[in-house]
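S.K.: Give me a model of this one.
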Amino acid sequence: MPVIDILSFYISLLGIYGPIFLIRYTLPRNITPLLSTLLDETQQLLGRAEEFSAVTSQSEYKSQLDW
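M.R.: Below is the predicted model:
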């Protein structure tokens, strides 16, 4: 009987902490590339705006993105 209790305890722990570990390891892999492409596109748009003199080259937007 104690073997079944120990086994059920470990299965319940996996049931509780399994989704937490899953989210912990999948979120950075999914969010980081999306955020990186968004920031790259924003830097390209700011570069184009600087070419057309719509935004000065020393704008606060560019300095915040480079930080």
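
S.K.: Now for E50, how many residues are close by?
M.R.: 15 (other Cβ atoms under 10 Å). Using the backbone N, CA and C atoms, a C-beta is placed for each residue, glycine as well.

S.K.: helix, strand or coil for V55?
M.R.: Secondary structure state of V55, per DSSP: H, G, I helix; E, B strand; the rest coil, is coil.

S.K.: measure it to Q64 for me?
M.R.: Separation of V55 from Q64 (Cβ to Cβ, to the nearest Å): 12 Å.

S.K.: Please identify which of these two sits among more neighbours.
M.R.: Higher neighbour count among V55 and Q64: V55, with 17 against 8, using other Cβ under 10 Å.

S.K.: And that one, its phi and psi?
M.R.: Main-chain torsions, V55, degrees, to the nearest 10: phi -130, psi 140.

S.K.: need the helix or strand of this structure with the lowest average pLDDT.
M.R.: One helix or strand of the chain scores below all others by mean pLDDT, DSSP states H and E: helix 60-66, with a mean of 67.

S.K.: Let me know the average pLDDT across the longest helix seen in the chain.
M.R.: Ordering each helix of the chain by length in residues (DSSP state H) puts helix 2-51 first. Mean pLDDT, taken over the full extent of helix 2-51, equals 78.
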